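Model the following, please.
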Amino acid sequence: MAAPEYHRVHDVRYELPRSGDMRVPGVVFASEELLPDNASETLAQVANVATLPGIVEASYAMPDLHLGYGFCIGGVAATDVDAGGVVSPGGVGFDISCGVRTLVAPVQHAEVDTAALRRIMDELDRRIPRGTGPGGLRKLDRTQLKRVLVEGSEFVVAEGFGVPDDLERTEDGGRLPDADPEEVSERAGKRGLAQLGSLGGGNHFCELQVVADVLDPQAADAFGISRGQLAVTIHCGSRGLGHQVCTDHVRAMQQAMRRYGIVVPDRQLACVPVRSPEGERYLGAMAASANYARANRQLLAEAVRDAFEAALGTRAVRLVYDVSHNMAKLEGHTVEGRERTLCVHRKGATLALPPGHADLAPDLAAVGQPVIVPGSMGTSSWLLAGHQGLAFASTCHGAGRAQSRKAAKRAYRGDTLVTELAARGIDVRALSDPGVAEEAPEAYKDVDEVVRVCEQAGLSRRVARLTPLGVTKG
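Predicted structure coming up:
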């Protein structure tokens with residue numbers, strides 16, 4: 001598809017009118033400075049998604065949009081399940097249920113000195129496995145792996161790695177009910193046996209932070225956070241298991257599409273009807289991968305508690321929330337005045353339930369669902385809350401890349417960045433200098449602008465800003 005035409009219809013809303021095979025328009029929430037440099041390629045992906053069978057309302061993109069696999073990162077699309085709507089692994093991504101978990105400690109930043117912060121970072125550095133290979137905190141046999149794929153966070157909490165309150169503050173209670181471990185290939189399962197409880201590489205991290213500002217005291221009180229608190233944010237997903245599941249099912253769908261008469265403008269948009277054997281197999285495997293990801297972050301949260309206990313003598317580190325940003329879920333939404341069952345793809349986008357939504361826990365009903373938006377090693381992260389339920393109750397997932405990883409590694413030196421960040425009071429513990437370079441703060445968009453646009457657009461609202469004190473990463 002050629003580069004689509006688009007026009008600005010609001011300060012923070014652009015539209016791509018229907019053209020060619022597009023079934024719905026494209027809608028991009030962004031300010032001018034947040035449109036990517038390769039806008040023609042990224043917006044072409046938004047337009048391509050608009051051609052998917054059964055898509056309703058619009059092909060959406062969040063303010064952190066940038067080029068992705070099939071879907072742009074920051075893409076949201078919903079298909080009508082009962083009208084031949086499709087599911088596309090490209091609308092989920094290779095790191096299934098990649099997500100973010102934020103915890104807060106009963107410790108004020110003002111109460112700890114530099115030596116104490118260094119002790120915390122030493123313990124996190126020692127206890128948090130990262131890197132692209134095996135080496136997770138919990139080695140599994142195949143029976144245990146199957147339980148993880150079915151039970152998710154519930155399995156590791158039952159084994160003593162966490163508390164029941166953790167499940168209440170995890171999306172879906174830490175367990176998706178429709179997981180089918182039989183649809184996870186032997187190769188994918190083998191990759192998952194030794195990686196549970198590990199960050200992986202790339203942009204995944206465990207970051208020590210301080211709650212620098214509170215903008216919405218009512219929501220902050222419901223979340224259980226206060227200005228000056230120490231916090232930890234974990235960003236990771238389903239590791240090699242989820243990547244292999246995506247690879248396997250993309251291949252299967254590419255072979256099956258012809259049988260369903262589906263033609264897409266990009267092979268990376270491989271898809272099949274949700275109500276097809278291939279679609280149901282993918283959703284079962286995706287749910288199993290998501291359960292693995294939630295269990296993965298649950299184990300890492302316990303390692304954080306262990307680190308605080310060793311460094312400060314307290315493990316009373318409480319989970320604020322855990323939410324995914326690479327998922328496809330069957331949800332009920334009203335479209336054109338009628339309640340429909342939709343397959344909602346969020347690829348680099350986060351569920352953001354508004355206040356009063358039936359799926360919210362009672363203590364969150366008045367303020368909306370917590371949303372965690374990481375920035376970069378040198379900038380702020382944000383806690384948001386669901387607001388108006390627009391774009392199928394979705395919002396951004398992070399700052400969004402402004403440069404590719406290859407471009408960042410050409411432009412920056414990891415050792416120089418570590419020194420510069422240390423001079424600003426940010427202690428970076430990384431396995432390699434190239435890994436730091438590709439995650440340079442300058443390689444990302446302005447996260448403050450991203451969340452401002454989300455708030456102005458009505459997608460979510462700002463609750464609190466967190467700033468980094470130290471980062472462990474691959």
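
quick one: the strands in the stretch 351-474 of the chain?
Ranges of strands within the stretch 351-474 of the chain are 370-373, 381-386, 394-395, 427-430, 460-473, based on DSSP state E, counting those that start in this stretch.

Contacts for the fourth one, please.
Where contact means C-beta atoms under 8 Å, 6 or more residues apart in numbering, the residues beyond strand 427-430 that reach it are 117-118, 121, 124-125, 208, 377, 414, 417-418, 421-422, 436, 469-474. C-beta: built from backbone N, CA, C; applies to glycine.

on that earlier part again, can the strands of the stretch 351-474 of the chain go into a markdown table with extra columns for mean pLDDT and mean neighbour count?
Listed next are the strands of the stretch 351-474 of the chain as a markdown table, based on pLDDT from 0 to 100; neighbours: other C-beta atoms under 10 Å:
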| stretch | mean pLDDT | mean neighbour count |
| --- | --- | --- |
| strand 370-373 | 98 | 27 |
| strand 381-386 | 98 | 27 |
| strand 394-395 | 98 | 32 |
| strand 427-430 | 95 | 21 |
| strand 460-473 | 98 | 25 |
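
Quick one, which of those gets closest to residue 359.
Closest to residue 359 of the strands of the stretch 351-474 of the chain, according to C-beta to C-beta: strand 381-386, at 10.4 Å.

re earlier: adding distance to residue 29, write the strands of the stretch 351-474 of the chain out as CSV.
Compiled in CSV, those are given as follows (distance: least, C-beta to C-beta, whole Å):
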stretch, distance to residue 29
strand 370-373, 14
strand 381-386, 14
strand 394-395, 9
strand 427-430, 32
strand 460-473, 11
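
Out of those strands, flag the one nearest residue 229.
Comparing the strands of the stretch 351-474 of the chain by C-beta to C-beta, strand 460-473 comes nearest, at 9.2 Å.

Check which helices and strands that closest one is in contact with.
helix 114-127, strand 205-214, helix 217-223, strand 229-236, strand 381-386, strand 427-430, helix 447-457 (3 or more C-beta pairs under 8 Å, 6 or more residues apart in numbering; DSSP states H and E).

Try it again at 6 Å.
helix 114-127, strand 205-214, helix 217-223, strand 381-386, strand 427-430, helix 447-457 (3 or more C-beta pairs under 6 Å, 6 or more residues apart in numbering; DSSP states H and E).

Determine which stretch of these is the most buried.
Across the helices and strands packed on strand 460-473, the average number of neighbours (mean count of other C-beta atoms under 10 Å) peaks for strand 381-386, which reaches a mean of 27.

strands paired with that one, and their directions?
strand 370-373 (antiparallel), strand 460-473 (antiparallel) (DSSP bridges).

tilt between the longest one and helix 447-457?
Computed by axes from the mean of the first three to the mean of the last three C-alpha atoms, to 10 degrees, the angle separating strand 460-473 from helix 447-457 equals 160 degrees.

what separates strand 460-473 from the chain centre, distance-wise?
On the basis of C-alpha atoms, centre = their mean, to the nearest Å, strand 460-473 sits 15 Å off its chain's mean C-alpha point.

Same check on stretch 122-134?
Distance, centroid of stretch 122-134 to centroid of chain: 20 Å (C-alpha atoms, centre = their mean).

Show me what the mean pLDDT comes to for that stretch.
Regarding stretch 122-134, the rounded mean pLDDT is 94.

Buried ones in stretch 171-187, by neighbour count?
171-176, 179-181, 183-185 (16 or more other C-beta atoms under 10 Å).

pull the CA atoms of that stretch into PDB?
Provided in PDB are the C-alpha atoms of stretch 171-187 (Å, rounded to 0.1, in the frame of the first residue of the first chain):
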ATOM      1  CA  GLU A 171      -4.500  -8.000  35.200                       C
ATOM      2  CA  ASP A 172      -6.900 -11.000  34.900                       C
ATOM      3  CA  GLY A 173      -5.900 -12.100  38.400                       C
ATOM      4  CA  GLY A 174      -2.600 -13.300  36.900                       C
ATOM      5  CA  ARG A 175      -4.300 -16.100  35.000                       C
ATOM      6  CA  LEU A 176      -6.100 -16.200  31.700                       C
ATOM      7  CA  PRO A 177      -8.700 -19.000  31.800                       C
ATOM      8  CA  ASP A 178      -8.600 -20.200  28.200                       C
ATOM      9  CA  ALA A 179      -5.000 -21.300  28.000                       C
ATOM     10  CA  ASP A 180      -4.200 -24.400  26.100                       C
ATOM     11  CA  PRO A 181      -0.700 -25.700  26.700                       C
ATOM     12  CA  GLU A 182      -1.200 -28.400  24.000                       C
ATOM     13  CA  GLU A 183      -1.000 -25.600  21.400                       C
ATOM     14  CA  VAL A 184       2.400 -24.600  22.700                       C
ATOM     15  CA  SER A 185       4.900 -26.500  20.600                       C
ATOM     16  CA  GLU A 186       7.600 -28.700  22.000                       C
ATOM     17  CA  ARG A 187      10.300 -26.300  20.800                       C
END
